[in-house]
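[1] Here you go, sequence then predicted model.
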Amino acid sequence: MDVPNHNRGIKRKYSGDQDARPCPDDVTSAYPSISPVPAHTAMQSADMDGYKNDESYISAGAGENPDGCQASRVPVSTVTASDDEYYRTLYTRELDFHALGERDRDLASLLQGGSRLDFANPLAVMQLTKTLLRLHFGLRVDLPLDRLCPPVPNRHNYILWLKDLLDSSSPSYSQIYEPERPVEGLDIGTGASLIYPLLACAQRPAWTFIATDVDAKSIAYARRNAELNSLQSRIRVVDRDIAAPLVPLDDLNIETIDFVMVNPPFYASESELLDLARQKSRPPHSACTGAPIEMVCEGGEVGFVRRIIDESLILRRRVQWYTAMLGKQSSLDVLVSLLKENGIDNYAMKTFVQGNKTRRWALGWSFHSRRPSVRASRGVELAMTKNILPFPTELTALQNRISCGIDPEQLEMTLRTTMETLDLVSWNWDALLSRGVGFADGNVWSRAYRRRKERQNHLTTTPPQGDEASADKAKTGPDISTQQMLRGVVDCAFGFALSIRVEHGSRGATDEVTLAVRWLQGHDYLLFESFTGMLRSAILRTVRALDENEVSRPRPG
């Protein structure tokens, strides 16, 4: 019998979004919902048929488990999903424990009355984690009773956000999931479960991980869990010293990496942990099995992430995205202020909501100029975080109703003509998608730039005389515009994507034209804002002219 092999990759479509992070004493609200497995996935037949007979389970022998005990029974079916949409919508309804129990006898044996789970029972919480990983991701794990047991929906939502962040800021500027793109991540403090690398590798076949921890027992279990899922070639588990760098690229002989992730210890001291527990007006909703090393560190989560920020100021572009999960909004406020103090303008924020109670926040920052989508970068409550929000990367330049009968090609032609008159480093238009992507070295649409360009053109058309001619002949190398072209688009000050959508109304009604502008690259928001305004004016002039022509056209009869 084969174990699940997550090295068997399948191409999947782009997804994005979702939420949450666990709270050790509130696991109940961390398991709110589940959506039915899509009928088109291979997972459904495996789930429904593979867990009701003894032959569908195997048991690892004693000695294979890091503690020498027998591993839990796990299904041997290789479970995969057909696309990212399945994962994006996975947890959107309340968990049906009765239905889960029917598909997993191990969980059924721990349900009260056949449909209720006792979240104060560590064994029940642990089994729920194993069941969800098995049924929905084809993953198998062994978990120790004295280490944190990760709520799957919360951890899954961090991965969903990372996928969105990376997809929308990829080097190809495609803004979609690219199945063949290799991505390497670093999970700091991976824990015994190895939960983040496992979830990510199950969803993205081209992803690989380095997973670090300072706890020997967690390291042993993490390595075991990589082996259980045949992921040793894609997940490298590394033992680190508590005083060593958190992002050890040099120690591991790694030049660059795509992202760093961490779910840092929440508390600044054990006394803080105990004090908060005593202040609760009622017993905790769930069992807490975590060790102090997993929940406590000097300075708490702010202190931990501050260390990563300090290291990032040295490593800078060697990592595309540095990210962290936070348990307090006040931590988000402090850390965003720290980013701004250090001149970091490209950052992303996301609120993770799980159930009615658990709210956590994600923060990412980058020294690269590629900008993520609004969904990835501004997925937070505006009222609570308005003063620290990053600049928007998507604007609507135009949303206007025009007379019926307007040819959309005329609007596209206006946009393309406008772009072709600009001194852009690169511009490409996809007629099938009505989408264009361009790059510029600065504000090449302003009157000041056009006047300066006209003066330069005038000088170049006037033959040089005397010493000026000799000096001109002495020049070597390509001219400025050629140098810009050779440089490509990576270092351009501004990158953008444009798309036009025209919706046709019924006879006698009006149509609506929308021009969307996406900021792909750059550090100057004012460039993006100015460019959008220029486009709005250009398209409005065309719309008005077409409207006037339609009104003045002679009517038959």
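    Everything's here; your move. Numbers count the residues shown, from 1 in each chain.
[2] Contact partners for residue 520?
    Shown here is residue 520, whose contacts under the criterion C-beta atoms under 8 Å, 6 or more residues apart in numbering are 173, 175, 370-371, 393, 437, 495-497. The C-beta positions use only the backbone N, C-alpha and C, and glycine is treated the same way.
[3] ditto for residue 222
    With C-beta under 8 Å, 6+ apart as the criterion, the residues that contact residue 222 are 190-194, 211, 213, 237.
[4] From those residues, which land in strands?
    The strands in this structure, assigned by DSSP state E, contain 211, 213, 237 from the contacts of residue 222.
[5] What about the first one, how many residues nearby?
    Read that as residue 211. When neighbours are counted by other C-beta atoms under 10 Å, residue 211 registers 26.
[6] close enough to count as contact, it and residue 195?
    No - with contact taken as C-beta atoms under 8 Å, residue 211 and residue 195 are classed as non-touching, separated by 9.9 Å.
[7] Columns pLDDT on top of the contacts of residue 520, output as a markdown table?
    As requested, the contacts of residue 520 are arranged in a markdown table below (pLDDT from 0 to 100):
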| residue | pLDDT |
| --- | --- |
| 173 | 93 |
| 175 | 90 |
| 370 | 98 |
| 371 | 98 |
| 393 | 98 |
| 437 | 95 |
| 495 | 98 |
| 496 | 98 |
| 497 | 97 |
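[8] could I get these as CSV with distance to residue 114 and neighbour count?
    Formatted as CSV, those follow (distance: C-beta to C-beta, whole Å; neighbours: other C-beta atoms under 10 Å):
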residue, distance to residue 114, neighbour count
173, 52, 17
175, 46, 18
370, 51, 19
371, 50, 29
393, 49, 26
437, 56, 21
495, 56, 23
496, 57, 26
497, 52, 18
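[9] From these, pick the one nearest residue 346.
    For residue 346, the nearest member of the contacts of residue 520 is residue 371. The distance, counting by C-beta to C-beta, is 6.5 Å.
[10] Quick check: which helices or strands does the longest helix seen in the chain pack against?
    Secondary structure of the chain per DSSP state H: the longest helix is helix 525-552. Under the contact criterion of 3 or more C-beta pairs under 8 Å, 6 or more residues apart in numbering; DSSP states H and E, helix 525-552 touches strand 394-403, helix 408-420, strand 494-503, strand 510-521.
[11] okay, the angle between the longest one and strand 510-521?
    This points to helix 408-420. Angle, helix 408-420 to strand 510-521, by axes from the mean of the first three to the mean of the last three C-alpha atoms, to 10 degrees: 30 degrees.
[12] what's helix 408-420 in contact with?
    Everything outside helix 408-420 that qualifies as a contact, by C-beta under 8 Å, 6+ apart, is 427, 429, 431, 434, 436, 438, 498, 500, 502, 513, 515, 535, 538-539, 542-543, 546.
[13] Would you mind listing where this structure has pLDDT under the threshold?
    Low-confidence segments of the chain, defined by pLDDT under 70, span residues 1-82, 266-297, 354-357, 382-384, 401-407, 458-487, 505-510, 549-557.
[14] Go again with 50.
    1-4, 8-30, 32-64, 67-81, 281-285, 404-405, 468-486 (pLDDT under 50).
[15] Could you chop it up by domain?
    28-388, 394-552 (automatic domain parsing).
[16] Single out the most deeply packed of those domains.
    The highest average neighbour count among the domains of the chain, using mean count of other C-beta atoms under 10 Å, belongs to domain 28-388 at a mean of 19.
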